[in-house]
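Visitor: Sequence first, predicted model second:
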Amino acid sequence: MGGSHSREDLGIDSSDEEDAGGGYDSGREEYEDAEEGHHRRKEPHRAAASSSSSGTTSQSLSSLDEIDARLKALKVKYPAASRPPNPVKLYLHIGGNTPKAKWIVSDKLTSYKFVRTSRVGGGSGGGDDDDDYEEEEEEEAVGGGEGSWWALKVGSKVRVRVSSDMQLKMFGEQRRVDFVSNGVWAIKFFTNEEYRSFVTRFQDCLFENVYGLRATEENKVKVYGKEFLGWVKPEVADDSVWEDAENDLRKSPELSSREHPNPDLMEEFEEAASGGIQSLTLGALDNSFLVNDVGVQVYRNSAHGIRGKGVYVKYDSGNKKAGSSLSETTPKKAMLMRGETNMMLMSPLKEGKPHASGLQQLDIETGKIVTEWKFEKDGADITMTDITNDTKGSQLDPSESTFLGLDDNRLCQWDMRDRRGIVQNIASSNSPVLHWTQGHQFSRGTNFQCFATTGDGSIVVGSIDGKIRLYSKTSMRQAKTAFPGLGSPITNVDVTYDGKWVLGTTDTYLILICTLFTDKDGRTKIGFTGRMGNKIPAPRLLKLTPLDSHLAGGNNKFHGGHFSWVTENGKQERHLVATVGKFSVIWDFQQVKNSAHQCYQNQQGLKSCYCYKIVLKDESIVESRFMHDKFAVSDSPEAPLVVATPMKVSSISLSGRR
């Protein structure tokens, strides 16, 4: 990335002279800070007096000033037209991430308003033609028909639906907000009161757009629940639990997207991969794997990352029985098992849909698909959308025979111990059925989408409605804790080995949740083992700056948010990583948890962290994952990051500089 990111912090008032077609020039001069403007207008009078041969006295100057002030008070000299309601200054960022990138003034003085509107054919973009909108009501309008929503209008140049897609970022100390709407914009307010009023109104409109309810405290409690007061009132939430669960007092470095290129990111090597890479599967032992549409490419693990061994395992279709009911499409999910000697491959029944009717078991050592497994319950075929290991480290167990499965309304454990599964040639065999050992089929729509396990086998599940549920290792029937959603579907979820922290991925941000709580006896527990009560801390959001979000591309979304990989009690994950477009984005875990971190100062609402590092590739990234922590070395305390694109795989080390 280029140095343009540093322009986010420039004093954008310095670019006043670069007007991109803004109006209200004279009005702005008279409005912006009335008292300051009054003193500015004194100067021409004094200059004229000093050059006049008529010897104007200081007394006459004083009289002129008094008249000027009285005219101003009577609003005779300063008509209402020059002081619009909700006045703001509008900026536009140009130049992308090139050396010429800068902010320019788009309107020196304009106004904003929130309007309730509905767009013919839907959509949420900004700067659309008026003909695209069916109706538009003023901000004061109450209610609104089905399908209507709040939009933000700034002058005649910006109209955008209020949503997380705007990636709105607050700069309280500058009385400024930045956001995305067919470009990157900044609004500068003239007073602190006007700034705070805008932010409050924006958050209320966002709540109403997401939930269809007025943003009253009563409705927020209705949506989030009485236990989640931190969601309702983040500004009064107890942040003490964020001061690090294990009292680790090490000082974190200030990672920032403003420091490109990153001197503490060193790419060890980049290798070409067989094309069409679908997924990255990291091993904690000798090998890691890239899965594509024709086979599995094997890589050797080392402290410097993964490197190709020249071994390529093609799917042995000769062992496939005729008329197999299992999918013929490319595997989208791969899971290592049995001491990383076997790989379970799950392919969707239909392209673009996650549901699969079974699995193929690949013996990595022989390169053969030894078994095709079917998902079945009570004699009926069923589907699964995701699979994962019983615990965060169970893939290392050579005797492992069970794993977990997830479907829209099912959470279960499968057992592979079936005599029919022990076959070397399945061409004429019936596909063995996995044994449903435990689990629950929910009658109501839970809309499960993704899940992950802790070191002891507790389960976290993310849903389309944004909820994140915590299940103990002893029961899949009822969640111990269910965190409310913020309106965006959870597309990926991860959890630390100790179960204290949960990371959910949405299209536009990551949500980091602390599961720690104190029970009635004063003991510290986690939300997987007990109900957390009414002192649940507010979550934190990890976001891209509006500029980086725009550079990532409008159609690019966050995916695959993960902690670094730890499988040992007492060790703490160091970083978080997620992928968006051509970016791998890395946050320092300790820094995100630090309540005194600079990102959290002068914020309203849930705290958002914007300090990260970016690894930029020349094509869209399939997946970004940290290797197992056993591959960390002394000069790089974090294990290497592996980044896979459809055609290449890279290994990147983070230096140990502090």
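Guide: Nice, I can see it.

Visitor: just the CA coordinates of stretch 588-604, formatted as CSV?
Guide: The C-alpha trace of stretch 588-604 is given here as CSV (Å, rounded to 0.1, in the frame of the first residue of the first chain):
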residue,chain,number,x,y,z
ASP,A,588,-2.6,-6.9,17.1
PHE,A,589,-4.8,-8.8,19.6
GLN,A,590,-3.4,-7.1,22.7
GLN,A,591,-3.8,-3.7,21.2
VAL,A,592,-7.5,-4.3,20.3
LYS,A,593,-8.1,-5.3,24.0
ASN,A,594,-6.4,-2.2,25.4
SER,A,595,-9.2,0.3,26.4
ALA,A,596,-6.7,3.2,26.4
HIS,A,597,-5.8,2.5,22.7
GLN,A,598,-5.9,5.7,20.6
CYS,A,599,-8.6,4.4,18.3
TYR,A,600,-11.2,4.3,21.1
GLN,A,601,-10.8,8.0,22.2
ASN,A,602,-13.7,10.3,21.5
GLN,A,603,-15.8,7.5,20.0
GLN,A,604,-19.6,7.2,20.4
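
Visitor: separation between Ser274 and Asn292?
Guide: Using C-beta to C-beta, to the nearest Å, Ser274 is found at 6 Å from Asn292. C-beta: built from backbone N, CA, C; applies to glycine.

Visitor: So which of those two has more stuff around it?
Guide: Asn292 (19 against 16; other C-beta atoms under 10 Å).

Visitor: so what's that one up against?
Guide: The contact partners of Asn292, by C-beta atoms under 8 Å, 6 or more residues apart in numbering, come to Ala273, Ser274, Gly275, Gly276, Ile277, Gln278, Thr330.

Visitor: Going by distance to Ala237, which of these wins?
Guide: Distance to Ala237, by C-beta to C-beta, is smallest for Gln278 among the contacts of Asn292, at 40.7 Å.

Visitor: Now do the contacts for the closest one.
Guide: In this structure, Gln278 makes contact with Val291, Asn292, Asp293, Thr330, Pro331, Lys332, Val622, judged by C-beta under 8 Å, 6+ apart.

Visitor: make it 6 Å
Guide: Counting by C-beta atoms under 6 Å, 6 or more residues apart in numbering, Gln278 touches Val291, Asn292, Thr330, Lys332.

Visitor: next one: Gln604
Guide: Counted by C-beta under 6 Å, 6+ apart, Gln604 has contacts Val199.

Visitor: still on that earlier bit, give the ChimeraX command for selecting the buried subset of the contacts of Asn292.
Guide: Buried subset of those, written as a ChimeraX selection, criterion 16 or more other C-beta atoms under 10 Å:
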select :273,274,277,278,330
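
Visitor: before we move on, back to that, so which pair among the contacts of Gln278 is furthest apart in space?
Guide: Asn292 and Lys332 (11.1 Å).

Visitor: Same list (the contacts of Gln278) but as TSV, adding distance to Thr453.
Guide: What follows is the contacts of Gln278, written out as TSV (distance: C-beta to C-beta, whole Å):
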residue	distance to Thr453
Val291	21
Asn292	27
Thr330	26
Lys332	20
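
Visitor: which among the residues you listed gets closest to Phe558?
Guide: Distance to Phe558, by C-beta to C-beta, is smallest for Lys332 among those, at 18.1 Å.

Visitor: Kindly state the pLDDT recorded for the closest one?
Guide: pLDDT for Lys332: 82.

Visitor: again, but for Glu173
Guide: At Glu173, the pLDDT value in this model is 91.

Visitor: close enough to count as contact, it and Asn602?
Guide: Yes. Between Glu173 and Asn602 there is a contact at 5.4 Å, judged by C-beta atoms under 6 Å.

Visitor: what helices or strands is the strand ranked longest in the chain leaning on?
Guide: Identified as the longest strand of the chain according to DSSP state E is strand 102-119. Judged by 3 or more C-beta pairs under 6 Å, 6 or more residues apart in numbering; DSSP states H and E, the packing partners of strand 102-119 are helix 25-31, strand 87-94, strand 133-137, strand 149-154.

Visitor: and those, which one's lowest on average pLDDT?
Guide: helix 25-31 (a mean of 39).

Visitor: From Leu285, how far off is the residue positioned nearest the centre of the chain?
Guide: Geometric centre of the chain, nearest residue: Tyr509, 1.9 Å, by C-alpha atoms, centre = their mean. Here the criterion is C-beta to C-beta. By it, Tyr509 lies 34 Å from Leu285.

Visitor: One more: Ala356?
Guide: The spacing between Ala356 and Leu285, counted by C-beta to C-beta, is 27 Å.

Visitor: Looking only at neighbour counts, state which of these two leads.
Guide: Just comparing Ala356 and Leu285: by other C-beta under 10 Å the higher neighbour count belongs to Ala356, 27 against 14.

Visitor: That one reaches Met346, doesn't it?
Guide: Yes. Using C-beta under 6 Å, Ala356 makes contact with Met346 at a distance of 4.7 Å.

Visitor: can you pull the pLDDT of Lys188?
Guide: 97.

Visitor: low-scoring pLDDT stretches of the stretch 401-550 of the chain, where are they?
Guide: Applying pLDDT under 70 to the stretch 401-550 of the chain picks out residues 418-433, 435-445.

Visitor: I meant the stretch 551-658 of the chain, not that one.
Guide: Using pLDDT under 70, the stretch 551-658 of the chain drops low at 554, 656-658.

Visitor: again with the stretch 101-250 of the chain
Guide: Within the stretch 101-250 of the chain, the segments meeting pLDDT under 70 span 119-147, 243-250.
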